[in-house]
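Asker: When you get a sec, could you give me coordinates for this:
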Amino acid sequence: MGAEPKPEPVPVPVRPAVVVLVPFPAQGHVSPMLRLARALAAPGVVAATVAVPDFVHRRIVSASQAESAAGVALASIASGIPDDGDGEPPGFASILHAMEHHMPAHLEGMLKTNQSLTGRGVAFLVLDVLASWAVPVAIRCGVPAVGFWPAMLATYRVVAAIPELIDKGLISDSGIPTATKRLNNDETKVNGDLHKLPAELELSTAELPWLVGDEACQKSRFTFWLRTMERARSLRSILVNTFPGEAASDSGEHLHPSQIPQVLQVGPLPTDSFDRTKGDSHHSPLRIPSMWQADDTCMEWLDQQRPGTVTYVSFGSWVAPIGRDEIKELALGLEATGLPFLWALKDEPSWRGGLPSGYKETVADRGKIVAWAPQEDVLQHEAVGCYLTHCGWNSTLEAIQNGVRLLCCPLSSDQFINCAYIVKMWGIGIRLGSTKRSIVEDGIKRIMEGEEGRRLQEKVNEFRERVMTGEARCASKRNLESFLGGIMRDDLVLGQLSL
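Answerer: Now for the predicted structure:
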């Protein structure tokens, strides 16, 4: 068989093309968008600006100078949300109102200002699919728009199959499951994108991504998803932060070049820790800014632990508390193992109120609790043996890139889909049935000790190699280079027309 053709060389314009990227304003969306911006800017042919709401900008502005040095600038968009940059970010309802009613006019002004200053305008707008409010802005300004999906392609397929889920009677018109049923058995199989998910996942209607909070919240989020997917139809392509062949049975034959929008898998976008350890010359080893101040004392604590003995626990940056009773049981389960653990637990009553009285003092000889940890550094540390996680996609990718076994405790959104792949398709982790102390203790000991733990680590190492240095990685790079080449060719034409 002949060698696969390489992408055409990226044409170099006289001056860099301007690309504006618009993330959904949550840390789990801002971080991968910044990584995408860095990847686009790395060859030196794109000037990338990541436009975030003012309340996000205030939290990460201290890192903006470093990002500019990497070819990525941060810009602030007025949101109309009163926020001083301290405490928790605004809630979903406030963010949704700002995105629909306040931020569009300010983004439009930003795009028009660039046009007047440069005479060529913005070559492309890259927007998080969940920031679909920017699609009408791009249309009004005549700027081509492409989407960015920071999660698994599998999750995109499930959301895109909403019309068929309704037609099959699996969910109501407001997105509420009519009953708890498997999504992939012969009776409920959907004939569109959803049936491409491997049957081994055994996902059910109770695990759909919009089922967050109470029923009123679920209906509100479902309305948001319907509007999001309707707007996404006008995008010319969607970049997905995942790797070709998410599962062994996923050969990618469903991704046709003529598909609109065209789907390009360009992940996993390298994290800072991967850049440092692998010496990737295409990415600057600069820290992706966080909306929270990390407690770096946990790194000194990790230095004092034996290799592979620490359980790292974190439920992400934006997730509802799991409940006082669940926190208590989880705490007691961690204590019962007798093994060292590092727990990133928000310093708020809704989270820490569940800790047993005097808990921090009781476990001080082997347990470290911080409000926020520098997660990439933690997962790279040799002392960490496993990661007890909510299965957010960023956390999953960071664990894979650093070869860390996963102990899964999904809570909502896309986490159930991610967990199903981790456990049933890739075999790099196990799922906790609950946070009861005996189950937590048993799960940690299973994954950290004995033959099962060794097999899991071998699987993680093999999977990491395939995803990060194998054909999947090469295919992702080719997709990103092809996309970047398309931007440059279009921008060169536009530049010639404007002269």
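Asker: mind listing the helices for the stretch 301-450 of the chain?
Answerer: Under the criterion DSSP state H, counting those that start in this stretch, the stretch 301-450 of the chain carries helices at the ranges 324-337, 349-352, 359-362, 375-380, 393-401, 415-420, 437-448, 450-469.
Asker: lowest-confidence stretch among those helices?
Answerer: Among the helices of the stretch 301-450 of the chain, helix 349-352 carries the lowest mean pLDDT, at a mean of 87.
Asker: So what touches the longest strand along the chain?
Answerer: Criterion DSSP state E: the longest strand present in the chain is strand 46-53. Strand 46-53 is contacted from outside by 16-23, 25, 30, 33-34, 37-38, 40-41, 60, 67, 71-79, 81, 95, 98, 103, 107, 110, 123, 484, 487-488, using CB atoms under 8 Å, 6 or more residues apart in numbering. For the C-beta atoms, the positions are set from N, CA and C on the backbone; glycine is no exception.
Asker: Repeat that for stretch 444-456.
Answerer: Stretch 444-456 is contacted from outside by 308-309, 311, 333-334, 337, 339, 385-386, 388, 405, 407, 427-430, using CB under 8 Å, 6+ apart.
Asker: now the longest strand of the chain: mean pLDDT?
Answerer: 91.
Asker: Show the subsequent helix or strand relative to it.
Answerer: Scanning forward in sequence from strand 46-53 by DSSP states H and E, the next helix or strand is helix 54-60.
Asker: any chance you could map the strands in this structure?
Answerer: Under DSSP E, the chain gives strands at 17-22, 46-53, 72-77, 124-128, 145-149, 237-240, 262-265, 310-314, 341-344, 367-370, 384-389, 405-408, 429-431.
Asker: Nearest to residue 475 among the ones you listed would be which one?
Answerer: strand 262-265 (7.3 Å; CB to CB).
Asker: ok, residue 219 - contacts?
Answerer: 174, 175, 176.
Asker: try 10 Å this time
Answerer: Residue 219 sits next to 172, 173, 174, 175, 176, 210, 213 when contact means CB atoms under 10 Å, 6 or more residues apart in numbering.
Asker: can I get those residues in JSON lines with neighbour count and distance to residue 239?
Answerer: Formatted as JSON lines, the contacts of residue 219 follow (neighbours: other CB atoms under 10 Å; distance: CB to CB, whole Å):
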{"residue": "172", "neighbour count": "13", "distance to residue 239": "32"}
{"residue": "173", "neighbour count": "9", "distance to residue 239": "31"}
{"residue": "174", "neighbour count": "13", "distance to residue 239": "30"}
{"residue": "175", "neighbour count": "22", "distance to residue 239": "26"}
{"residue": "176", "neighbour count": "15", "distance to residue 239": "31"}
{"residue": "210", "neighbour count": "24", "distance to residue 239": "22"}
{"residue": "213", "neighbour count": "14", "distance to residue 239": "29"}
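Asker: Would you check which pair of the residues you listed lies furthest apart?
Answerer: Largest pairwise distance in the contacts of residue 219, by CB to CB, is 18.9 Å, between 173 and 213.
Asker: what's the neighbour count on residue 338?
Answerer: 10 (other CB atoms under 10 Å).
Asker: Next one: residue 154 from residue 419, what distance?
Answerer: 11 Å (CB to CB, to the nearest Å).
Asker: Identify the contacts common to those two.
Answerer: Common neighbours of residue 154 and residue 419 (CB under 10 Å, 6+ apart) are 201, 203.
Asker: now the helices of the stretch 301-450 of the chain as CSV including mean neighbour count and distance to residue 224?
Answerer: Below are the helices of the stretch 301-450 of the chain laid out as CSV (neighbours: other CB atoms under 10 Å; distance: least, CB to CB, whole Å):
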stretch, mean neighbour count, distance to residue 224
helix 324-337, 20, 27
helix 349-352, 15, 24
helix 359-362, 14, 38
helix 375-380, 22, 27
helix 393-401, 24, 19
helix 415-420, 24, 18
helix 437-448, 19, 34
helix 450-469, 15, 31
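Asker: To residue 158, which of those lies closest?
Answerer: Per CB to CB, nearest to residue 158 of those: helix 415-420, 6.8 Å.
Asker: for stretch 470-478, which positions count as buried?
Answerer: 472, 473, 475, 476, 478 (16 or more other CB atoms under 10 Å).
Asker: Could you do stretch 123-136 as well?
Answerer: 123-135.
Asker: Over to stretch 223-242?
Answerer: 224-226, 228-229, 231-232, 235, 237-242.
Asker: Average pLDDT for that stretch, rounded please.
Answerer: Stretch 223-242 comes out at a mean pLDDT of 92.
Asker: That one spans what distance, first to last residue?
Answerer: For stretch 223-242, the first-to-last residue distance is 26 Å (CA to CA, to the nearest Å).
Asker: And the buried residues of stretch 223-242, which is closest to residue 197?
Answerer: Distances from residue 197 to those, taken by CB to CB, are shortest for residue 242, at 13.5 Å.
Asker: wait, doesn't residue 420 sit right on residue 201?
Answerer: Yes. Judged on CB atoms under 10 Å, residue 420 makes contact with residue 201 at a distance of 4.1 Å.
Asker: quick one: contacts for residue 82?
Answerer: Contacts of residue 82 (CB under 10 Å, 6+ apart): 55, 90, 94.
Asker: just residue 134 next, same as before
Answerer: 20-22, 51, 77, 99, 103-104, 107-108, 111, 125-128, 143, 145, 147, 231.
Asker: wait, residue 102 sits on residue 78?
Answerer: Yes. Judged on CB under 10 Å, residue 102 makes contact with residue 78 at a distance of 6.8 Å.
Asker: Could you list the low-confidence segments of this structure?
Answerer: For the chain, applying pLDDT under 70 flags the ranges 1-14, 61-71, 84-87, 115-120, 184-196, 247-260, 271-287, 317-321, 487-499.
Asker: Now do the contacts for the closest residue to residue 55 other than its chain neighbours.
Answerer: Leaving out its chain neighbours, the residue that sits closest to residue 55 by CB to CB, 6 or more residues apart in numbering is residue 83, at 3.9 Å. Contact analysis of residue 83 by CB under 10 Å, 6+ apart lists 53, 54, 55, 56, 58, 59, 89, 90, 94.
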